[in-house]
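Asks: Below: sequence and its predicted model.
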2 protein chains.
Amino acid sequence: MLQLNRIPTTPPDELSRKDAEKATKAYAKKIGELHYRLLAQKKYNLLVIFQGMDASGKDGAVKNVFRYCTHNGIRVYSFKKPTDEEFDHDFLWRVHKQVPRKGEIVIFNRSQYEDILIQWVHGWIDDPKREERMTAINNFESLLAQDNQTIILKFYLHLSKDEQKTQLIQRIEDPTKRWKHNDNDWNEREHWDKYMEAYEYILNHSHIPWHITPVDKRWYRDYLVAKTLAEKLENLDLTLPFEADDGFASKLTQLQ
Amino acid sequence: MLQLNRIPTTPPDELSRKDAEKATKAYAKKIGELHYRLLAQKKYNLLVIFQGMDASGKDGAVKNVFRYCTHNGIRVYSFKKPTDEEFDHDFLWRVHKQVPRKGEIVIFNRSQYEDILIQWVHGWIDDPKREERMTAINNFESLLAQDNQTIILKFYLHLSKDEQKTQLIQRIEDPTKRWKHNDNDWNEREHWDKYMEAYEYILNHSHIPWHITPVDKRWYRDYLVAKTLAEKLENLDLTLPFEADDGFASKLTQLQ
């Protein structure tokens, strides 16, 4: 069984920041090119899930990794507290509405996993309910992958408790970050150990595996996420429709 | 009354491509910064509409102008042929669902105006129906502007018939562009003059004015769109919440 306190939240010594940033840029450019092909081909689609504690850098990952992707065919959905209407349905109802269509990239900032994280940490659901929901999530993710060729990439942004404090303090001290401050983040921080336990449960019970991403250094986060995504996309057969059709040019004489 | 054939589709001689591209980059960076503030402040929101003939470069404008904006809080919606469900409602029903929420930028690739363009050109609606819909669109845009502080920027991408042909031929000859080819674009091209008449009607009857953007040179398109957007955003009071609150730092002693 995986234990989070045995996994470092910092980069390995052998990778320099400079080398990582150079590689990240190349991966991000590759993602931009392959997103174009994904969109044109309309065969696959991509669901990228970011989960992590407050201030683990979900927004920053979105910003940096997809920076060479056009805005067409890519969409970020940030899950907040469910509305009354959403609470009156099963927990996957609002999630299902947001999944990618063919050709599209959808990025979840938080996700269906919140319903077995925050809810379990605060005791709003018990262990059997958590297990039932975990099974439901596994079934749901299988459905997307099997029935609509959805590629699901899940990143757990692995942050240390100390680095979270540094980040939360920045949100108070840096005037341009104050809008992100939320008193409640400091309350949730009190439940740190219980959250780690909740994440461990998820990481150990997901059928589609998670990429555990050390994020104390943001440049390492960007490097790992970009690398994982670029390599995944490179392994798909993202051919463009009619690209290899030598007879296509004959259309011109027909049409003119 | 505005007449499209009196308006050039090419850039003015006095602007060089090099100078324009340099300025576009600076404007695009400014848009990226101000988008962050728009999103944080959640006071305004922005609806950008691109309309133009096939191959007028709507996708390219989206790609280049917003290239420094993160993917969070910005969304492109491309209007296609309405579904059966959409046809069973008033023409603005599907449009209304896609408008921006506070803080958000939404880009329409085609829009509500298609319902008085293609439909009128092909005689599916008559002049009185067109007038009725034009009034409905003006009322709809007023509603967004008045009731949700939506900034609406509309760009008519002004393309010459010759340049369209060059672009459509490229979609056949360039293997990486073939996926964009559609035989029907060549059929619609037969109705060029009627389309110009339809656009002139819109440009002359919209309450919120259009930015007529010459697009035969794509670099000039990007320059004009980026300039218009950057200047519009710069004129808003996009302050960040709590940015100027000198007492904010006292939160730290409370929370720790």
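Replies: Alright, I've got the coordinates. As the structure is a prediction and not an experimental result, all values here were calculated from the model.
Asks: Next, count neighbours for the spatially closest residue to A:Q112 that is not a sequence neighbour.
Replies: Spatial nearest neighbour of A:Q112, chain neighbours left out: A:V95 (4.7 Å); criterion: CB to CB, 6 or more residues apart in numbering or on different chains. Just so you know, the C-beta spots here come from the backbone N, C-alpha and C atoms, and that holds for glycine as well. By the measure other CB atoms under 10 Å in any protein chain shown, the count of residues near A:V95 is 20.
Asks: For the helix or strand hosting A:V95, the averaged confidence score.
Replies: Using DSSP states H and E, A:V95 sits in helix A:93-96. For helix A:93-96, mean pLDDT is 98.
Asks: In contact with the residue nearest to A:Q112, which residues?
Replies: Going by CB atoms under 8 Å, 6 or more residues apart in numbering or on different chains, A:V95 touches A:79, A:111-112, A:140.
Asks: How about the secondary structure of the residue nearest to A:A61 when sequence neighbours are not counted?
Replies: Nearest residue to A:A61, sequence neighbours excluded (CB to CB, 6+ apart): A:V225, at 5.3 Å. The local conformation at A:V225, judged by DSSP: H, G, I helix; E, B strand; the rest coil, is helix.
Asks: Out of the contacts of A:V95, which sit inside helices?
Replies: Among those, the members found in helices (DSSP state H) are A:F140.
Asks: follow-up on the earlier one: any idea how far A:F79 is from the residue nearest to A:Q112?
Replies: For A:V95, the distance to A:F79 equals 8 Å [CB to CB, to the nearest Å].
Asks: Mutual contacts of these two, please.
Replies: Contacts common to A:V95 and A:F79, judged by CB under 8 Å, 6+ apart, are A:S111.
Asks: what's the spacing between the residue nearest to A:A61 and chain B?
Replies: 13 Å (CB to the nearest CB, to the nearest Å).
Asks: That residue: how many residues sit nearby?
Replies: A:V225 has 28 neighbours, counted by other CB under 10 Å.
Asks: That one reaches A:V65, doesn't it?
Replies: Yes: assessed by CB atoms under 8 Å, A:V225 is found in contact with A:V65 at 5.0 Å.
Asks: show me what contacts A:K251?
Replies: Contact analysis of A:K251 by CB under 8 Å, 6+ apart lists B:172, B:181, B:183.
Asks: touching chain B at all, the longest helix anywhere in chain A?
Replies: What stands out as the longest helix in chain A, according to DSSP H, is helix A:17-41. Yes: using CB under 8 Å from any CB of the partner chain, helix A:17-41 reaches chain B at A:40-41.
Asks: buried sites along that helix?
Replies: Going by neighbour count (16 or more other CB atoms under 10 Å in any protein chain shown), the buried part of helix A:17-41 is A:20, A:23-25, A:27-28, A:30-32, A:34-41.
Asks: quick revisit: angle of the next helix or strand after the helix holding A:V95 against helix A:17-41?
Replies: Of the helices and strands lying after helix A:93-96 in sequence (DSSP H and E), the nearest is strand A:105-109. Put simply, strand A:105-109 runs at 130 degrees to helix A:17-41, going by axes from the mean of the first three to the mean of the last three CA atoms, to 10 degrees.
Asks: any idea which helix or strand comes after strand A:105-109?
Replies: Next element after strand A:105-109 (DSSP H and E): helix A:118-121.
Asks: which residues of the stretch 151-256 of chain A fall in helices?
Replies: For the stretch 151-256 of chain A, the helices defined by DSSP state H, counting those that start in this stretch cover A:161-173, A:183-188, A:192-205, A:218-234, A:251-255.
Asks: Which residues does the third one contact?
Replies: Residues from elsewhere that reach helix A:192-205 (CB under 8 Å, 6+ apart): A:1-5, A:51, A:53, A:113, A:116-117, A:120-121, A:130, A:134, A:138, A:156, A:161, A:188, A:210, A:212.
Asks: cool, the fourth one as well?
Replies: Outside helix A:218-234, the residues that touch it by CB under 8 Å, 6+ apart are A:10-11, A:15, A:17, A:20-21, A:23-24, A:27-28, A:30-31, A:34-35, A:38, A:46, A:48, A:57, A:60-61, A:64-65, A:151, A:153, A:155, A:157, A:211, A:213-215.
Asks: Show me which residues of the stretch 51-200 of chain A sit near chain B.
Replies: Residues of the stretch 51-200 of chain A lying near chain B (CB under 8 Å from any CB): A:59, A:62-63, A:66-67, A:69-76, A:78, A:107, A:109, A:169, A:172-173, A:175-176, A:178-181, A:183, A:186.
Asks: how deep is A:L157 tucked in, by neighbour count?
Replies: For A:L157, using other CB under 10 Å, the count is 23.
Asks: what is it paired to in the beta sheet?
Replies: Per DSSP bridges, the residues bridged to A:L157 are A:G52, A:T213.
Asks: so it makes contact with A:T213?
Replies: Yes: the criterion here is CB under 8 Å, and A:L157 meets it with A:T213 at 5.5 Å.
Asks: doesn't A:K177 make contact with A:Q170?
Replies: Yes: A:Q170 lies in contact with A:K177 (CB under 8 Å); the separation is 5.8 Å.
Asks: Which of the two has more residues huddled nearby?
Replies: Higher neighbour count among A:Q170 and A:K177: A:K177, with 17 against 14, using other CB under 10 Å.
Asks: Which residues are in contact with the closest residue in space to the more buried one that isn't next to it in sequence?
Replies: Leaving aside its sequence neighbours, A:K177 sits nearest to A:R171 (CB to CB, 6+ apart; 4.7 Å). Taking CB under 8 Å, 6+ apart, we find A:R171 in contact with A:55, A:177-178, A:180-181.
Asks: from those residues, which is closest to chain B?
Replies: When the contacts of A:R171 are ranked by distance to chain B (CB to the nearest CB), A:R178 comes first, at 3.9 Å.
Asks: Can you add neighbour count and distance to A:I125 and give the contacts of A:V95 back as JSON lines?
Replies: Listed next are those as JSON lines, based on neighbours: other CB atoms under 10 Å in any protein chain shown; distance: CB to CB, whole Å:
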{"residue": "A:F79", "neighbour count": "17", "distance to A:I125": "17"}
{"residue": "A:S111", "neighbour count": "21", "distance to A:I125": "16"}
{"residue": "A:Q112", "neighbour count": "22", "distance to A:I125": "13"}
{"residue": "A:F140", "neighbour count": "17", "distance to A:I125": "17"}
